[in-house]
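[1] Sequence below, structure please.
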Amino acid sequence: MERGITSYGAYIPRLRIDRAAIAAAHSWAFPSLRGKGARALANWDEDAVTMAVEAARGANLDAVSSIALASTTAPYADLQNATLVAAAAGLEEDTASRDYGGSLRAGTSALLDALLSNREGSALIVGSDARQAKAGSAQELAFGAGAAAVTVGTQDVIARLVGHATRTVPFIDHFRAAGDDYDYVWEERWIREEGHGKILPTAIRDALSNTNLQPGDINHFCLPTTLRKAAEAVAKKSGIAPEAVADDLSAMCGETGAAHPLMMLSLALEKAKPGERIMVVAFGAGCDVLVFEATEAITNYTSSSPVSAQVARGVIEPHYTKILSFQGNLELDWGMRGEANDKIALTQQYRAADQLMAFTGGKCPDCGSVNFPQLGKCVNCGSASPLEPYDLAREGASVASFTGDWLQFSPAPPLYFGLVNFDCGARVLMEYVDVDPAILKVGTRLRMVYRIKSIDGERHNSRYFWKAVPLAPEGV
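    Purely as a prediction, here's the structure:
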């Protein structure tokens with residue numbers, strides 16, 4: 001059976017920094033710096049792994065037998081990041097996993113590999129990035145943060161691959177050496193004329209050559225780039241209609257690295273009607289071009305975390321220095337409370353992996369109580385019968401109590417925490433994040449999210465766990 005895209009999901013951090021605020025912070029040195037709109041800002045407890053988990057949760061994970069994580073900012077160089085995402089997303093241990101990196105087209109390369117594979121079951125492909133940029137640079141205005149996920153399979157296909165092409169060309173428009181934080185970017189005119197203008201049209205023509213399609217048949221043209229009007233120029237040179245050029249999400253998100261081709265694809269799938277064609281182009285040391293055609297099944301599919309909803313939920317962060325602080329480029333004096341040495345016990349982390357990574361509680365077979373953490377006996381009836389796994393990550397919950405603490409250390413004070421009442425009856429002491437104080441009260445509904453719990457700065461290791469996000473009431 002033909003393989004194609006079966007579902008998609010996206011995640012964009014809630015925080016957005018106004019580009020005008022960035023420009024204002026640098027006006028003393030760069031008075032000509034300008035920016036409109038806002039860009040997504042990853043919180044201190046978000047990285048490529050946590051964002052990938054949230055994007056994956058928006059896709060259909062049934063029957064997933066493999067996962068690929070594409071990122072240029074993955075937190076670990078010698079520890080498979082996809083394994084962490086798989087565990088937190090609740091995938092089975094026999095799931096094949098691999099990391100893709102080294103290029104902004106890592107996401108499309110992973111997607112194309114999955115589409116051309118003969119592997120049984122569904123494949124989950126996630127692109128996730130939170131790229132850093134030097135203060136005052138054009139990239140600081142352009143870069144965002146986010147993740148997008150798609151699944152590939154043979155059942156309920158919503159978009160099928162009808163053409164593709166790849167070019168491997170040692171054209172270097174930017175690079176980041178191992179161990180460096182920032183990209184080195186070459187001159188824009190060179191990139192636009194020699195890179196985009198010559199490499200992409202040839203690959204686009206090749207992608208269409210084995211189909212019955214003409215450039216004018218493309219309804220959604222997705223080309224991530226930080227260069228102004230570059231996508232329009234490539235479309236024109238390739239014969240693609242100007243109205244087909246897709247929204248690049250620059251207004252309220254920014255460019256999300258290896259995630260961005262999948263992000264734009266997901267947004268196009270939200271809008272596509274049966275029979276419409278989507279072309280996705282990713283540029284980086286060559287390019288990937290993928291052409292999809294939406295099927296009738298797309299009319300009956302709705303993602304639980306579409307790109308449009310992720311864009312709409314953003315709130316403007318007025319403090320520019322949060323970018324510097326969250327990225328470790330501004331050392332604040334947090335006092336002695338911020339000096340704790342938080343070494344992570346890897347043995348304990350492994351033994352409790354199902355609880356820590358997947359947020360799995362235990363249901364007592366005798367009294368039905370859900371326990372977290374899982375202990376030797378049920379905390380309700382004292383039964384020593386083995387507890388049955390219970391998924392708390394997707395369980396509904398509400399606030400039982402809360403505190404906003406300015407004394408305990410938090411990289412984004414105050415530290416909100418309190419007791420959480422799960423609908424199943426479990427009660428857990430948890431942190432609250434992405435808090436709007438106006439809606440935080442007893443009874444406020446909550447959603448669980450995967451985040452960094454703490455960072456071992458000496459060994460550069462992160463402890464991950466689940467936190468609770470307060471949800472605004474319907475209509476608010």
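
[2] only C-alpha atoms for contact and neighbour calcs from this point on.
    Will do.

[3] got any ranges where the stretch 351-476 of the chain has weak pLDDT?
    474-476 (pLDDT under 70).

[4] All the helices of it, in order from the start?
    353-356 (DSSP state H, counting those that start in this stretch).

[5] Out of the helices and strands in the chain, which is least certain?
    helix 346-351 (a mean of 88; mean pLDDT, DSSP states H and E).

[6] chain center to it, what's the gap?
    26 Å (CA atoms, centre = their mean, to the nearest Å).

[7] That one packs against which elements?
    For helix 346-351, there is no helix or strand it packs on, judged by 3 or more CA pairs under 8 Å, 6 or more residues apart in numbering; DSSP states H and E.

[8] List of residues touching it?
    Helix 346-351 has contacts (CA atoms under 8 Å, 6 or more residues apart in numbering) with residue 356.

[9] tell me which residues of the helix or strand encompassing residue 267 are tucked away?
    For residue 267, the element it lies in under DSSP states H and E is helix 260-271. Neighbour counts over helix 260-271 (16 or more other CA atoms under 10 Å) mark 260, 261, 262, 263, 264, 265, 266, 267, 268, 269, 270 as buried.

[10] which of those residues lies closest to residue 204?
    residue 261 (15.1 Å; CA to CA).

[11] Next secondary structure after the helix holding residue 267?
    Moving toward the C-terminus from helix 260-271, the next element (DSSP H and E) is strand 277-283.

[12] Quick one: list the elements packing against that next one.
    strand 220-222, helix 260-271, strand 286-294.

[13] So which of the ones you listed is nearest residue 229?
    Using CA to CA as the measure, strand 220-222 is the one of the helices and strands packed on strand 277-283 that comes nearest residue 229, at 12.8 Å.

[14] List the residues that contact the residue most central in space within the chain.
    The centre of the chain sits closest to residue 147, judged by CA atoms, centre = their mean, with a distance of 1.9 Å. Residues near residue 147 by CA under 8 Å, 6+ apart: 10-12, 48, 51-52, 54-55, 126-129, 256, 259-260, 263.

[15] Can you verify it is assigned to a strand?
    Yes - counting by DSSP: H, G, I helix; E, B strand; the rest coil, residue 147 is located in a strand.

[16] Show me the beta-bridge partners of it.
    residue 11, residue 128 (DSSP bridges).

[17] what about residue 388, distance to residue 62?
    20 Å (CA to CA, to the nearest Å).

[18] Mind listing residues that contact stretch 391-411?
    Looking at what lies outside stretch 391-411 - CA under 8 Å, 6+ apart - the contacts are 44, 326, 334, 337-338, 358-361, 413-424, 441-449, 466.

[19] List buried members of these by neighbour count.
    For the contacts of stretch 391-411, buried by 16+ other CA under 10 Å: 44, 326, 358-361, 415-422, 424, 444-449, 466.

[20] and these, which of them are in strands?
    Judged by DSSP state E, strands contain the following of the buried ones among the contacts of stretch 391-411: 360-361, 415-422, 445-449, 466.

[21] Identify, from these, the entry nearest to residue 201.
    For those, the nearest to residue 201 is residue 449 (41.1 Å; CA to CA).

[22] before we move on, the earlier item: so which of the buried residues of helix 260-271 comes closest to residue 227?
    Nearest to residue 227 among the buried residues of helix 260-271, counting by CA to CA, is residue 260 at 14.2 Å.

[23] Just give the closest residue to that closest one, not the sequence neighbours.
    residue 224 (6.3 Å; CA to CA, 6 or more residues apart in numbering).

[24] Any stretches of the stretch 1-150 of the chain with poor pLDDT?
    1.

[25] which stretches of it form strands?
    For the stretch 1-150 of the chain, the strands defined by DSSP state E, counting those that start in this stretch cover 4-11, 15-18, 38-40, 64-70, 96-100, 122-130, 145-153.

[26] Please identify the pairing partners of the fourth one and their relative orientation?
    In the sheet containing strand 64-70, the strands it pairs with under DSSP bridges are strand 96-100 (parallel), strand 122-130 (parallel).

[27] ditto for the shortest one
    For strand 38-40, the paired strands and their directions (DSSP bridges) read strand 15-18 (antiparallel).

[28] Run the chain-centre distance for the strand it pairs with.
    Distance, centroid of strand 15-18 to centroid of chain: 16 Å (CA atoms, centre = their mean).

[29] Break the chain down into its domains, please.
    4-326, 355-470 (automatic domain parsing).

[30] So which of those domains is the most surrounded?
    domain 4-326 (a mean of 21; mean count of other CA atoms under 10 Å).

[31] Can you give me the first-to-last residue distance of it?
    With CA to CA, one end of domain 4-326 sits 38 Å from the other.

[32] now swap in stretch 184-201 and tell me
    End-to-end for stretch 184-201, by CA to CA: 25 Å.

[33] can you list contacts of it?
    Under CA under 8 Å, 6+ apart, the answer for stretch 184-201 is 167, 171-176, 227, 230, 233-234, 237-238, 283, 286-287.

[34] returning to what we had before: could you point out which of the helices and strands packed on strand 277-283 sits nearest residue 69?
    helix 260-271 (11.9 Å).

[35] could you check the angle strand 286-294 makes with the closest one?
    10 degrees (axes from the mean of the first three to the mean of the last three CA atoms, to 10 degrees).

[36] Quickly name whichever of the contacts of stretch 184-201 is closest to residue 249.
    residue 227 (13.1 Å).

[37] which residue sits closest to the closest one in space, ignoring its chain neighbours?
    Distances taken as CA to CA, 6+ apart place residue 188 nearest to residue 227, at 7.3 Å, with adjacent residues excluded.

[38] if we can go back for a sec, measure the residue nearest to the centre of the chain to residue 55 for me?
    6 Å.

[39] ok, now residue 93?
    20 Å.

[40] Please apply the same query to residue 14.
    13 Å.

[41] Ok, residue 305 next?
    With CA to CA as the criterion, residue 305 and residue 55 are 7 Å apart.

[42] Now do the shared contacts for the two.
    Contacts common to residue 305 and residue 55, judged by CA under 8 Å, 6+ apart, are 9, 10, 11.

[43] Now these in CSV, please, with extra columns for distance to residue 199.
    Output for the shared contacts of residue 305 and residue 55, formatted as CSV (distance: CA to CA, whole Å):
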residue, distance to residue 199
9, 30
10, 29
11, 31
